[in-house]
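[1] Please work out how this folds:
(one chain, ligands or ions: 2)
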Amino acid sequence: MASKFARPALALVATPVLAALLVGAATSGGAATPGAPGAGDPYFPLSGNGGVDVAHYDLDLDYTPTTRRLEATAELAVTATQRLSSFNLDLSGLNVDSVRVDGRRAGFSRNGTELTITPARTLDKGRRFTVVIGYSGVPAHVYDPDGSPDGWIIQPDDSVFVASEPQGAMTWFPSNSHPTDKSTYDVEVTVPDGWTAVSNGRLRDQRHRAGKTTFSWREAKPMAAYLATASIGRFQVEQYVTADGLPVYNAVAPSQAAATKPVLDQLPAVIEWETKLFGRYPFEAAGAIVEDAPDVGYALETQTRPIYDRAPSIGTLVHETAHQWFGNSVSLTKWQDIWLNEGFATYAEWLWDAEHGGLSTAQQFAADYALPATDPLWSFPAADPGDGGHIFDKPPYERGAMVLEKLRRTVGDKAFFTILKTWATDRRYGHGDTRQFIALSKRISGKNLDSLFNTWLFTAGKPATP
Ligand code: ARG
Ligand code: ZN
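    Ligands and ions are numbered 1, 2, ... in the order given. Down below sits the predicted model:
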């Protein structure tokens, strides 16, 4: 019979204890749990991570091209977005030598491309902390599902082509590698004399010591990890300041210099022309990295300073420069929306051609529309590549540009160019998704554009009418 009284007595004792526990948990953001291994992107489920937001990367790289060995330290300024017992970063290959969180030694383990870090103490939600990771080894690029090399891509002549879209950042630094997380960067690269290391933003310092040269770069505007570079070569370097005060740094492989010059000399004019169309240039530097890397097979809009696998055509220069507004300043929230990058950059090429003696945009559209229903252009709708293996196929680029030409015809030139400029301006340094672009187009034009976007962005097959 004692139990009849014992229960309420126990409850009386337990309640304040429980309440205290609950209050404690609530003020520190609930129970500490591990951060998710991915940012939740269905196309690249392990890219990025849950529970962490990186404000700044400070990368210190020492690289010897002839041995291909990298000795590096990465210092990350992170905010916990949940109460964390552990968290992940993305890292492929390489050896992790040490991990410290706020100066204290932290535990870590590796599983595929996931580096799991367990700090000595849990990290409350909202807490800012520093992670310092010492790592080393011979970096190896990965292959994307479309078969392209991605990341730290070493060339036969020992130069390095560093282009990381969509997932290669993890091949050269521990990162929260999804475009939802944008960060500022300090990248310092030490290479043997005679080699040049080129990253994003402004060159702050270049110094020689004991047969090595250290290049210190700073990207002061938010940047997605895939847009970071630290490319290394025996470059010819050209530096100047444009009439608008923008510092330009070009690094060109000698074998490409002659073919590159007439095109790259037009960079200030291209930036000026795109500024009129899209609004203020979003970054504090510009330039190009031109390598002799034909096996890479693509160029990338690395922030402020696109990288080319050969001397670019003017079309490619216009394309990668347009990405500075569309893709770099205004970033994706999921890879499925890649047409917001590639369709816009392709449409910039159409506009350039139209104003420089080439086809009009109507003629470009007509030429594309004339392609038979079996052409790869129609293999899937622009805003629905289906998986990560098709994001760089023809539809997001070419059909994406067709969507913009259709929009322009429907809303008129004035509303159309206001939409482009407003998109770039209102979302500068942030993000935008397809739904938001549709909403903006409707708001500015005052038109119902549902059937246009449904047909051209989301419906499989060749649309019945142009
Ligand atoms: N965004 C680049 C461009 O259109 C293409 C990158 C292709 N990357 C790849 N892994 N296939 O300029
Ligand atoms: Zn592109």
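
[2] Please identify the residues of the chain in proximity to ligand 2?
    Glu342, Ala345 (CB under 5 Å from the ion). Glycine gets a C-beta too; all of them are placed from N, C-alpha and C.

[3] Do you have the helices of the chain handy? List them.
    Under the criterion DSSP state H, the chain contains helices at 2-27, 257-264, 267-278, 314-322, 339-355, 361-369, 394, 400-411, 413-426, 434-445, 450-453.

[4] which one of these has the lowest average pLDDT?
    Ranked by mean pLDDT, those bottom out at helix 2-27, with a mean of 40.

[5] and the closest residue to ligand 2 within the stretch 1-150 of the chain, what is it in contact with?
    Of all residues in the stretch 1-150 of the chain, Ser148 sits closest to ligand 2, at 12.9 Å by CB to the ion. With contact set as CB atoms under 8 Å, 6 or more residues apart in numbering, Ser148 has these partners: Val296, Gly297, Tyr298, Phe392.

[6] For the first one, which non-adjacent residue is closest in space?
    Nearest non-adjacent residue to Val296, counting by CB to CB, 6 or more residues apart in numbering: Asp309, 4.2 Å away.

[7] and the gap between that neighbour and Tyr298?
    Distance of Asp309 to Tyr298, given as CB to CB, to the nearest Å: 6 Å.

[8] more neighbours, the two?
    Asp309 (23 against 16; other CB atoms under 10 Å).

[9] That one reaches Glu291, doesn't it?
    Yes - counting by CB atoms under 8 Å, Asp309 sits close enough to Glu291 to count as a contact (6.2 Å).

[10] Common neighbours of the two, please.
    Between them, Asp309 and Glu291 share these contacting residues under CB under 8 Å, 6+ apart: Phe161.

[11] what residues are up against the nearest residue to Trp423 once chain neighbours are set aside?
    Take Trp423 and drop its neighbours on the chain: the residue closest to it by CB to CB, 6+ apart is Leu440, 6.0 Å away. Taking CB under 8 Å, 6+ apart, we find Leu440 in contact with Ile419, Thr422, Trp423, Asp426.

[12] most neighbours, which of the residues you listed?
    Neighbour max across these (other CB under 10 Å) = Trp423, 23 neighbours.

[13] Next, the contact list for that residue, please.
    Contact partners of Trp423, counting by CB under 8 Å, 6+ apart, are Phe326, Val330, Gly432, Phe437, Leu440.

[14] now do Leu277
    By CB under 8 Å, 6+ apart, Leu277 lies in contact with Ala348, Leu351, Phe417, Leu420, Lys421.

[15] Apply 7 Å and report the result again.
    Leu277 makes contact with Leu351, Phe417, Leu420 under the criterion CB atoms under 7 Å, 6 or more residues apart in numbering.

[16] any idea how far the closest residue to the second one other than its chain neighbours is from Ala424?
    The spatial neighbour of Phe417 that comes closest, neighbours along the chain excluded (CB to CB, 6+ apart), is Leu277 at 6.7 Å. Taken as CB to CB, the spacing of Leu277 relative to Ala424 amounts to 9 Å.

[17] pLDDT below threshold where in the chain?
    Residues of the chain meeting the criterion pLDDT under 70: 1-29.

[18] Try it again at 80.
    When the per-residue scores of the chain are filtered using pLDDT under 80, the ranges that remain are 1-30.

[19] Could you tell me which residues of it lie near ligand 1?
    Residues of the chain found near ligand 1 (CB under 6 Å from any ligand atom) are 144, 146, 148, 150, 165, 298-301, 319-320, 342, 392.

[20] So which of those is the closest to Gly107?
    Using CB to CB, the shortest approach to Gly107 within those belongs to Asp150, at 29.5 Å.

[21] which ones are touching Gln256?
    Remark: with contacts taken as CB under 7 Å, 6+ apart, Gln256 is in contact with Val290, Asp292, Arg310, Ala311.

[22] Next, count neighbours for the nearest residue to Thr410 once chain neighbours are set aside.
    Leaving out its chain neighbours, the residue that sits closest to Thr410 by CB to CB, 6+ apart is Leu452, at 5.8 Å. A total of 19 residues lie near Leu452 under the criterion other CB under 10 Å.

[23] what separates Leu452 from Ala225, distance-wise?
    Leu452 sits 34 Å away from Ala225, going by CB to CB.

[24] Next: Arg104.
    With the distance defined as CB to CB, Arg104 ends up 25 Å from Ala225.

[25] Compare those two (neighbour count), which wins?
    Here Arg104 and Ala225 are compared on neighbour count by other CB under 10 Å; more neighbours surround Ala225, at 27 against 10.

[26] does the more buried one really touch Ser177, like I thought?
    Yes - distance between Ala225 and Ser177: 4.4 Å, which falls inside the contact criterion (CB atoms under 7 Å).

[27] Need the overlap of contacts for those two.
    Listed as contacting both Ala225 and Ser177 by CB under 7 Å, 6+ apart are Ala169.
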